[in-house]
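**Student:** okay, here's the prediction I keep looking at, along with the sequence it came from:
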Amino acid sequence: MDIAQYISLFLLKNKYCCLQGLGNVEIKKSATQYNGSEIIPGQYYAHFEAVGSIDDSFPYFVASNEHISIAKATNEISAFIKQAKEQLQQGKTVSIPTVGHYLMHEGKILFELDPLFATSQPSTTFQVPTKIAEESSPVLDNSAIDNYNRYNQQQEKNINWGMVAFWGIVVLIVAGVIAWTVQYFLKQSKEQNSNTIAEQIEPNM
């Protein structure tokens, strides 16, 4: 089970990952600036807190994709954290694919983003590695959105434009009949009023 890869996936999806004993990583973006001649886009950077907080979101994420219990996922994550800390104590870095790496500096654990990642837009459609996909058939995070888009496209194709045109014509005909009826009754009322006035004037003559 590649926990480092899952940390990468979780960071790309949620922009944060809490690992008790290794630290909390949060990906943020600086504001876009204008220097008078050009727009300078913001860059991504990692906000790191060495003391990790308790958060079940990441173990649940791993468990869901691996189809295992949260307890087993938590044990795998704990084993990864223990091994990572040993590597850091030896002066090595712990790589989080496509995102960055943990390192030890002056006795403190830090996290740095890869330079390419910092200047680019993180992809939220990052694919689960082939090895993990073959072992666990993980659920892709964007499947619900893709299904929703496909459903909308199918609904657009299923629209019966002939019926839409038919009912449009019916509405126009009904509106025309109503307008003609109103005009007819107004005309009849006007003629009736004219006849009444004429009858009232004739005796006086």
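**Tutor:** Thanks, I have it.
**Student:** report how many residues lie close to residue 44.
**Tutor:** By other C-beta atoms under 10 Å, the residues close to residue 44 number 19. C-beta: built from backbone N, CA, C; applies to glycine.
**Student:** which stretches of this protein form strands?
**Tutor:** According to DSSP state E, the chain carries its strands in the segments 16-19, 23-29, 33-34, 39-40, 44-49, 94-96, 100-105, 108-113.
**Student:** partners of residue 102 in the sheet?
**Tutor:** Beta-bridge partners of residue 102, counted by DSSP bridges, are residue 94, residue 111.
**Student:** quick one: residue 67 from residue 74, how far?
**Tutor:** Counting by C-beta to C-beta, to the nearest Å, the gap from residue 67 to residue 74 is 15 Å.
**Student:** these two - which one has more neighbours?
**Tutor:** Under the neighbour definition other C-beta under 10 Å, residue 67 and residue 74 were set side by side, and residue 74 has more, 17 against 11.
**Student:** contacting residues for that one?
**Tutor:** When contacts are counted by C-beta atoms under 8 Å, 6 or more residues apart in numbering, residue 74 touches residue 59.
**Student:** how much space between it and residue 111?
**Tutor:** Using C-beta to C-beta, residue 74 is found at 21 Å from residue 111.
**Student:** what's around the nearest residue to residue 41 once chain neighbours are set aside, how many residues?
**Tutor:** Distances taken as C-beta to C-beta, 6 or more residues apart in numbering place residue 32 nearest to residue 41, at 5.5 Å, with adjacent residues excluded. Applying other C-beta under 10 Å, we find 10 other residues in the vicinity of residue 32.
**Student:** how confident was the prediction at residue 32?
**Tutor:** At residue 32 the predicted local distance difference test score is 83.
**Student:** which residues does it contact?
**Tutor:** 39, 40, 41, 42.
**Student:** mind listing the helices in this structure by residue range?
**Tutor:** Listed in chain order, the helices of the chain (DSSP state H) span residues 3-14, 57-66, 70-89, 115-118, 130-136, 143-157, 161-201.
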